[in-house]
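Chemist: Got a sequence here, can you model it:
(chains A, B and C)
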Amino acid sequence: MKSDKNKLEVTIPDFEPRHIFECGQCFRWNREDDGSYTGVAHGKVLNVLKDGEKIVFDNIVEGDFEAVWENYFDLKRDYSEIEKQLSKLDETMENAVAFGRGMRILNQDPWETLVSFIISANNGVARIKGIVENLSERYGPELGEYKGKMRYGFPEASVISSLDEEDIRVCGAGYRDKYILKAARAVSGNSGWLESVCGLDTEDARSELIRLNGVGPKVSDCILLFSMKKMDTFPVDVWVRRTMEYFYLHKKSSPEEISAFAEAYFGDLKGFAQQYLFHYARQNSIGK
DNA sequence: CTGCAGGGGTAAA
DNA sequence: TTTACCCCTGCA
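Modeler: Sure thing, here's the model as predicted:
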């Protein structure tokens, strides 16, 4: 590990920024001209560049690698082993893993993830990113300038709860404005509730999340997988459904049938399997 | 440039 | 089980 001021260079195996940031799990990371990515997470601005075997973290605050980023990037987990296990299942997984090698499942902030995936319903990635950015610029905290641009953190639930529907609508959220507002009021009015959901087992956490308006089976699974370390979930969206039907089920199947198959076939690794499959399918338009 | 489908689901009928 | 939903983006 080598450090400069605001810069930290670390050798990390299985770390490919493109696959981590463009596999559809996060919405606040953007590619720079030099191939690095700049993003905001947990109220911090960071730039990540892959330089051969080395990962260069820029704009990093002393101590934050251990305090924040090690967990955020899931660095304690052995992805080589996961990739090996999944690859030997069949040729599809072998291809999916080969394509997305270096992907990692992030540990994002539950509140931000909850809102982001409420927005994701019936929506494309480009627009989701725009809405999340608008919410942050209008109502989030200033985090200082980086590369000549002011950066903003995602607004707290208490801040959003004091807005009205129109304030959220102007960010481009469309009919989801009501859902976001209700979620903000539920979360800020029940202090500790969202944190307590993280502590429940997957089944119970899921039923809690689904009580929120705008959160159904798919959105709840994404929140569980991308912000609550519930790796035994298998979010079934249109891409995963098409891919699973195409490669495994060979017929039109309901999300429940697909989940059941995934449970039996991928077991404990189904969360990771989902992410490799989703990324592989979407980037290559498989099944469409 | 204008027009028009279609989108990483969900709630309500 | 089916249908409407905001509105931005992509592509005729």
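
Chemist: Quick check: end-to-end length of stretch A:14-27?
Modeler: As for stretch A:14-27, its first-to-last residue distance stands at 21 Å under the measure C-alpha to C-alpha, to the nearest Å.

Chemist: and what of stretch A:15-26?
Modeler: Start-to-end, stretch A:15-26 (C-alpha to C-alpha) is 16 Å.

Chemist: Is DNA strand C within reach of that stretch?
Modeler: No - on the criterion C-beta under 7 Å from any atom of the strand, stretch A:15-26 is out of touch with DNA strand C, staying 13.5 Å away. For glycine as for every other residue, the C-beta is placed from the backbone atoms N, C-alpha and C.

Chemist: next one: stretch A:169-179
Modeler: Yes - if you take C-beta under 7 Å from any atom of the strand as the test, stretch A:169-179 does meet DNA strand C, through A:169, A:172, A:174-176.

Chemist: quick one: which two of those residues are the most distant?
Modeler: Of all pairs drawn from the residues of stretch A:169-179 next to DNA strand C, the one with the largest separation by C-beta to C-beta is A:172 and A:175; the distance is 11.4 Å.

Chemist: So the two - more neighbours on which side?
Modeler: residue A:172 (18 against 11; other C-beta atoms under 10 Å).

Chemist: quick one: that one and residue A:132 touch, right?
Modeler: No - between residue A:172 and residue A:132 no contact is recorded; they are 9.8 Å apart, counting by C-beta atoms under 8 Å.

Chemist: Okay, domains of chain A per the record?
Modeler: Domain segmentation of chain A under automatic domain parsing yields A:2-76, A:110-227, A:238-284.

Chemist: Now these in JSON lines, please, with extra columns for mean pLDDT and distance to residue A:86.
Modeler: Conversion of the domains of chain A to JSON lines gives the following (pLDDT from 0 to 100; distance: least, C-beta to C-beta, whole Å):
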{"stretch": "domain A:2-76", "mean pLDDT": "94", "distance to residue A:86": "13"}
{"stretch": "domain A:110-227", "mean pLDDT": "95", "distance to residue A:86": "16"}
{"stretch": "domain A:238-284", "mean pLDDT": "92", "distance to residue A:86": "6"}
